[in-house]
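Chemist: Give the three-dimensional model of this entry:
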Amino acid sequence: MYETVELRTHTLLTNNNVMCIRATSRDTWDSLAQEFSVSKRHLLEWNEAIESVDINEGDLIYLQKKQKKAAKQYGKKYWHHVRPGESMYSIAQLYGIRLKNLYRLNFRQADYAPQPGDLLKVR
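Modeler: Below is the predicted model of the structure:
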């Protein structure tokens, strides 16, 4: 699912044809912007995040704009089964898709909070 290229601090991954990295415990929006020579504004935009939200170890951080739909391997008949603790945001990050598109694919409003066991389309 992921292709890797070694970098000085992070391993560059691709998820849904979008470059990303797995965050470490030391990462901040500022440090990642500097390391990858991109603006912090773009990082926040591409990850649909706000600066006041901390980056957690293991988070996928996208270095490009995410796709509108999940990769083709998740066909139209594929359903994501929501697990405890997942949010629409975490599911969008997992599949490398834009949050607003995840809501649209599932005919949901922005205030929808998925419950464990819910089924969501990602493509």
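
Chemist: Pop the domain breakdown of this structure in here.
Modeler: The chain breaks down by automatic domain parsing into domains covering 4-62, 80-120.

Chemist: looking at these, which is closest to Gln73?
Modeler: Closest of these to Gln73 is domain 4-62, at 9.5 Å (criterion: Cβ to Cβ). Where C-beta positions appear, they are placed from N, C-alpha and C, glycine not excepted.

Chemist: mind putting the domains of the chain in JSON lines, mean neighbour count, distance to Lys68 and mean pLDDT included?
Modeler: Formatted as JSON lines, the domains of the chain follow (neighbours: other Cβ atoms under 10 Å; distance: least, Cβ to Cβ, whole Å; pLDDT from 0 to 100):
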{"stretch": "domain 4-62", "mean neighbour count": "15", "distance to Lys68": "10", "mean pLDDT": "92"}
{"stretch": "domain 80-120", "mean neighbour count": "15", "distance to Lys68": "5", "mean pLDDT": "97"}
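
Chemist: could you redo those as a markdown table and give each row distance to Ala70?
Modeler: Output for the domains of the chain, formatted as a markdown table (distance: least, Cβ to Cβ, whole Å):
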| stretch | distance to Ala70 |
| --- | --- |
| domain 4-62 | 6 |
| domain 80-120 | 4 |
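
Chemist: Out of those, flag the one nearest Ala71.
Modeler: Using Cβ to Cβ, the domains of the chain put domain 4-62 closest to Ala71, at 4.7 Å.
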